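Asks: fold the stuff below for me.
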Amino acid sequence: MSIEINGLSFTYSGSDTKVLDDISLFIPQGAFVGLVGPSGCGKTTLARCLNGLIPHFHPGDLEGSVIVQGLNSQEHQAHELAQKVGLVFQNPENQLVAPTVERELAFGPENLGVPRDEIRQRVETLLNQNNLLELRDKAPYELSGGEQQRVAIAAILALEPDILVLDEPTANLDPLSAFEILKLIAKLNQEMKITVLLIEHRLELVLPLIQELIVLDNGKILMRGPPAEVFNNPSVSEVGVAIPRIIQLMKQLDNPRIRATTPLSVDEAIGMILKEVRR
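Replies: As a prediction, the model looks like this:
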């Protein structure tokens, strides 16, 4: 079990518009799923529903159910759900509160009453796993954007969640830092079997990593499936989702067999072209 959503609709207080409209979704444990869609389609709202920020902190009219690791989000408080679902925001500065990196990693477990010896062990492990040892005594505001994002992810992992939800974690990063963050997320998914739901616009970096892509539009699931299958559907670009350049390029080539392919990376595209050249 991981994430089970049934008939979820949500309208913020003071609004008449449903931000989410009758969403049903199941994501199994250990999956790596991408969530895309145009701005304002409900991606961030859906993320907030998974860790209890909705309905406990953002009031509104919620219909249906959200169950994460067996816990109903309406029946359990956010601090309980935080031990199951970790949410990493787009801007890491907004969730870094401690004076040093080491204290930041200890902050969450301390507030949950985790024994001191176990907190020390978790912090040391995460400092090593996330290449943060040299930064342990630095203040978060002194760090680069990529370093701050690594600290934010490590601080969430200190709570030992089963599910990691990331809301555009590379939005403010340069390409190299973005690549490093996504590589770290993929490693966590593969080695620790953490379920990952990744909201991301930089699809060129993401597509080779994910197993399934969900397209959201006007609060509804437009389509879902393997990334190559999703990008073969013309409806994706019609709703404003940017088609990765490598897929656009392959569709413009003269060879009909190449045009029919949907590579998810430059390396995959090169392999397809070389195979065709050798025919």
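Asks: tell me the spacing between the closest residue to residue 119 other than its chain neighbours and residue 125.
Replies: Spatial nearest neighbour of residue 119, excluding adjacent residues (CB to CB, 6 or more residues apart in numbering): residue 109 at 4.7 Å. All C-beta atoms are positioned from the backbone trio N, CA, C, and that covers glycine. In this structure, residue 109 and residue 125 are 12 Å apart, going by CB to CB, to the nearest Å.
Asks: and residue 180, by the same measure?
Replies: For residue 180, the distance to residue 125 - CB to CB - is 19 Å.
Asks: those two - which one has more neighbours?
Replies: residue 180 (18 against 14; other CB atoms under 10 Å).
Asks: hang on, the earlier thing: tell me how many other residues crowd the residue nearest to residue 119.
Replies: 21.
Asks: which residues touch it?
Replies: 118, 119, 122, 158, 159 (CB atoms under 8 Å, 6 or more residues apart in numbering).
Asks: and the least confident of those residues?
Replies: Within those, residue 159 has the lowest pLDDT, namely 91.
Asks: how about the contacts made by that one?
Replies: 82, 83, 86, 108, 109, 112.
Asks: in terms of helices and strands, where is the third one?
Replies: The one in question is residue 86. If you go by DSSP states H and E, residue 86 is part of strand 85-88.
Asks: which strands and helices sit next to that strand?
Replies: helix 43-50, helix 145-157, strand 163-167 (3 or more CB pairs under 8 Å, 6 or more residues apart in numbering; DSSP states H and E).
Asks: same thing but at 6 Å, please
Replies: helix 145-157, strand 163-167 (3 or more CB pairs under 6 Å, 6 or more residues apart in numbering; DSSP states H and E).
Asks: residues in contact with the last one?
Replies: In this case it means strand 163-167. With contacts defined as CB atoms under 6 Å, 6 or more residues apart in numbering, strand 163-167 is touched by 44, 47, 50, 85-90, 194-199.
Asks: and for stretch 54-63?
Replies: 9, 10, 11, 12, 13, 48, 78.
Asks: am I right that the third one sits in a helix?
Replies: Looking back up the chat, that one is residue 11. No - counting by DSSP: H, G, I helix; E, B strand; the rest coil, residue 11 is not found in a helix; it is strand.
Asks: tell me which residues of the lowest-mean-pLDDT helix or strand in the chain come out buried.
Replies: When each helix and strand of the chain is scored by mean pLDDT, DSSP states H and E, helix 256-259 comes last, with a mean of 77. Neighbour-count burial for helix 256-259 flags residue 258 (criterion: 16 or more other CB atoms under 10 Å).
Asks: who does the helix or strand that it is followed by touch, helix- and strand-wise?
Replies: Counting by DSSP H and E, the next helix or strand C-terminal to helix 256-259 is helix 266-277. When contacts are defined as 3+ CB pairs under 6 Å, 6+ apart, helix 266-277 sits against helix 245-252.
Asks: contacts for the helix it packs on next, please.
Replies: 231, 258, 259, 261, 262, 263, 266, 269.
Asks: mind doing that once more with 8 Å?
Replies: Looking at what lies outside helix 245-252 - CB under 8 Å, 6+ apart - the contacts are 204, 231, 258, 259, 261, 262, 263, 265, 266, 269, 272.
Asks: and the closest residue in space to the fourth one that isn't next to it in sequence, how many residues sit next to it?
Replies: What it means is residue 259. With CB to CB, 6+ apart as the criterion, residue 259 has its nearest non-adjacent residue at 5.5 Å, and that residue is residue 251. Residue 251 is flanked by 14 other residues according to other CB under 10 Å.
Asks: and the next helix or strand past the biggest helix by length in the chain?
Replies: Scanning the chain for the longest helix, with DSSP state H as the assignment, gives helix 175-192. Where DSSP H and E defines the elements, the next helix or strand beyond helix 175-192 is strand 195-199.
Asks: beta partners for the most centrally placed residue in the chain?
Replies: Nearest residue to the geometric centre of the chain (CA atoms, centre = their mean): residue 198, 2.0 Å. Assessed by DSSP bridges, residue 198 has beta-bridge partners residue 34, residue 166.
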